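Enquirer: structure for this input, please:
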Amino acid sequence: ALLTATVLWGSAFASQNMAMDYMNPFAFQAIRCLIAVIGMLPVIAIFDRSNHLSGFWKKWADPALWKAGILCGIPLFLACNLQQIALVDTDAGKAGFLTAMYILFVPIIGIFRKQKPAWNIPISVLIAVAGLYFLSCTDNLRISLSDTLLLGCAVMFAVQITFIDIY
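Expert: Predicted coordinates:
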């Protein structure tokens with residue numbers, strides 16, 4: 001499972017980077033999200049426990065669902081688009097490294113939410129950041145606009161993960 005996740009995650013960056021040679025970031029994101037929605041419709045139909053259409057629409061009328069969806073969706077929208085815009089001017093390895101910095105930002109946000117991380121979290125984050133660096137970064141680390149966008153992307157993914165935890 002870990003190997004499969006690694007291959008899928010890593011190949012996504014390479015694919016996204018190659019796509020920037022043929023289309024603009026927002027067109028790519030629109031197509032990507034449309035494919036995701038179409039792919040999720042059968043999953044929803046299979047796993048929806050109400051088994052009738054009125055129950056399905058009743059769930060969509062719940063204001064709490066809309067609040068959670070909007071608060072989780074906005075940072076996801078920002079993160080994905082910041083990442084895609086940055087991929088126009090950077091390589092996939094560096095993008096993967098900087099995007100994965102959300103593993104650093106999630107515990108930091110947790111501290112601001114008065115959540116004390118377990119003793120092993122800082123050590124684990126340090127090991128993960130070092131591992132990501134050695135796996136992803138091959139040349140010098142100069143800071144560019146794309147790098148800043150990718151760090152913003154990582155912060156937005158961390159915010160989204162935090163909202164998912166809340167809701």
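Enquirer: and Ser146, how many neighbours?
Expert: 20 (other C-beta atoms under 10 Å). In short, each C-beta sits where N, CA and C put it, glycine included.
Enquirer: wouldn't it be in contact with Ala92 here?
Expert: No. Ser146 is beyond contact range of Ala92, at 11.8 Å (criterion: C-beta atoms under 8 Å).
Enquirer: low-confidence ranges, the protein, go.
Expert: Within the chain, the stretches with pLDDT under 70 are 49-56, 135-142.
Enquirer: so which bits of stretch 100-119 are buried?
Expert: 100-107, 109-110 (16 or more other C-beta atoms under 10 Å).
Enquirer: name the nearest of those relative to Leu87.
Expert: Ranked by distance to Leu87 (C-beta to C-beta), these are led by Ala100 at 14.3 Å.
Enquirer: residue contacts, the closest residue to that closest one other than its chain neighbours?
Expert: Once flanking residues are discounted, Ala100 sits nearest to Leu132: 5.0 Å by C-beta to C-beta, 6 or more residues apart in numbering. Going by C-beta atoms under 8 Å, 6 or more residues apart in numbering, Leu132 touches 96-97, 100.
Enquirer: and the residue lying closest to Pro117 once chain neighbours are set aside, what element?
Expert: For Pro117, ignoring the flanking residues on the chain, the nearest one in space by C-beta to C-beta, 6+ apart is Pro107 at 4.8 Å. Following DSSP states H and E, one finds Pro107 within helix 102-112.
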